[in-house]
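1. Here's a sequence, model it:
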Amino acid sequence: MLRQIALHLERAGEPTYRVRAFRKAAAVVGDLPDGELEQRVNAGTLTALSGIGKTTAAVITDAVRGREPAYLTEVVAKGAPGLPDGGPMLAALRGDCHTHSDWSDGGSPIEEMAEAARQLGREYIVLTDHSPRLTVANGLSAERLRDQLAVVAELNRELAPFRVLTGIEVDILDDGELDQDPGLLDELDVVVASVHSKLRMPAAEMTRRMLAAVANPRVNVLGHCTGRLVVGRGRPESEFDAEAVFTACRDNDVAVEINSRPERLDPPRRLLREAARIGCRFSIDSDAHAPGQLAWLPYGCVRATECGVRESDVINTMSADDLVTWAASR
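-> You can find the predicted model right below:
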């Protein structure tokens, strides 16, 4: 119940410190020896534990005594203001092809991300932590990525039939090459390629950069193609020849990502309509960096529907097996 509250708070965009308080309390409870939790509830000494405050103690007490915590009832009733229902497109999605964990710049372990996705009715997530060049995001070296693959293999044995597919959000370098060992990329289920640097380079150079990446047979999804941010001070769109890039995506069978993060909503509608007109595939992704953000897919679903994207054009309406087969076909 502590984790459920954290999920609802994240969906509603509540401050990170509040979310962390509930996740911290869940971790503290999980580490207690058998029987100690009930003893502390009965003795009223929960708040003596580091990481348990008055509010989280009340939630724990209600949960242990078989009651739905009043705080959980409150946050569920409040909901996530502005979050649409996603309609038939959301119902058709079976997975999420762009997610992050605390192995790079996400805030939660892989298992928590997987469990949250399962609670949302997903059948799988693709784990796409960052590549090494993005040091500010603790990008994965080849060695760390190999370690992660072993962790995911073990986790999948525990979570079956839910699956964590292996992947990466690999940086598209200035010349269009990919920021990871090519042989290691071959071992992954799905590769998302994104531009994170020199977003203001001239349009002709950016176009060549993106075309080179899309032509790489290891790439399956072109991530947040304009790099824009639409909240706060914002960030303008990268400039490139959209018709050329989307045509290359179509011809190379690379999906154009519909990024659902509220501060991105990338690509903008005019480019999304252009990609649909050209005949691209799409991937509607949360780009979640925390479990509650996995619930942001409706933002992308609504925009996809408005812009004429069909369910059959969206790769994460596939089953996990079909998605992996499709990705490997390149």
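2. Where do the helices of the stretch 151-300 of the chain begin and end?
-> 182-186, 203-215, 242-252, 269-278, 297-306 (DSSP state H, counting those that start in this stretch).
3. Give me the contact list for the longest one.
-> Residues external to helix 203-215 that are found in contact with it (C-beta atoms under 8 Å, 6 or more residues apart in numbering): 172-178, 193, 195, 201, 219, 222, 225, 238-241, 244-245, 248-249, 252, 254. Yep, even glycine has a C-beta here, placed from its N, CA and C like the rest.
4. Kindly report the same for the last one.
-> Outside helix 297-306, the residues that touch it by C-beta under 8 Å, 6+ apart are 83-90, 93, 96, 258-262, 265, 269, 272, 282, 284-286, 314.
5. Report the mean confidence score over it.
-> Mean pLDDT, helix 297-306: 97.
6. And the next helix or strand past it?
-> Counting by DSSP states H and E, the next helix or strand C-terminal to helix 297-306 is helix 320-328.
7. Counting neighbours, which bits of that next one end up buried?
-> 320, 323-324, 326-327 (16 or more other C-beta atoms under 10 Å).
8. Kindly report the same for stretch 235-255.
-> In stretch 235-255, counting by 16+ other C-beta under 10 Å, buried: 235, 237-242, 245-250, 252-255.
9. In PDB, list the C-alpha atoms belonging to it.
-> Extracted in PDB, the C-alpha atoms of stretch 235-255 (Å, rounded to 0.1, in the frame of the first residue of the first chain):
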ATOM      1  CA  ARG A 235      13.600  23.900 -25.200                       C
ATOM      2  CA  PRO A 236      13.000  24.500 -28.900                       C
ATOM      3  CA  GLU A 237      12.700  21.600 -31.400                       C
ATOM      4  CA  SER A 238      15.800  20.400 -33.200                       C
ATOM      5  CA  GLU A 239      15.600  21.200 -36.900                       C
ATOM      6  CA  PHE A 240      15.800  18.500 -39.500                       C
ATOM      7  CA  ASP A 241      14.200  17.400 -42.800                       C
ATOM      8  CA  ALA A 242      11.200  15.600 -41.400                       C
ATOM      9  CA  GLU A 243      10.100  14.100 -44.700                       C
ATOM     10  CA  ALA A 244      13.500  12.600 -45.300                       C
ATOM     11  CA  VAL A 245      13.900  11.200 -41.800                       C
ATOM     12  CA  PHE A 246      10.400   9.800 -41.600                       C
ATOM     13  CA  THR A 247      10.700   8.200 -45.000                       C
ATOM     14  CA  ALA A 248      13.900   6.600 -43.900                       C
ATOM     15  CA  CYS A 249      12.100   5.300 -40.800                       C
ATOM     16  CA  ARG A 250       9.400   3.800 -43.000                       C
ATOM     17  CA  ASP A 251      11.800   2.300 -45.400                       C
ATOM     18  CA  ASN A 252      14.100   0.800 -42.700                       C
ATOM     19  CA  ASP A 253      11.100  -0.300 -40.600                       C
ATOM     20  CA  VAL A 254      12.100   1.900 -37.600                       C
ATOM     21  CA  ALA A 255       9.300   3.000 -35.400                       C
END
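10. what pLDDT does the residue of the chain most remote from its centre get?
-> The centre of the chain is farthest from one residue, residue 43, which by C-alpha atoms, centre = their mean lies 41.0 Å away. pLDDT, residue 43: 95.
11. Outline the domain layout of this structure.
-> In terms of domains, the chain is parsed into 2-78, 87-328 (source: automatic domain parsing).
12. Now pLDDT too, for the buried residues of helix 320-328, in CSV please.
-> What follows is these, written out as CSV (pLDDT from 0 to 100):
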residue, pLDDT
320, 98
323, 98
324, 98
326, 98
327, 98
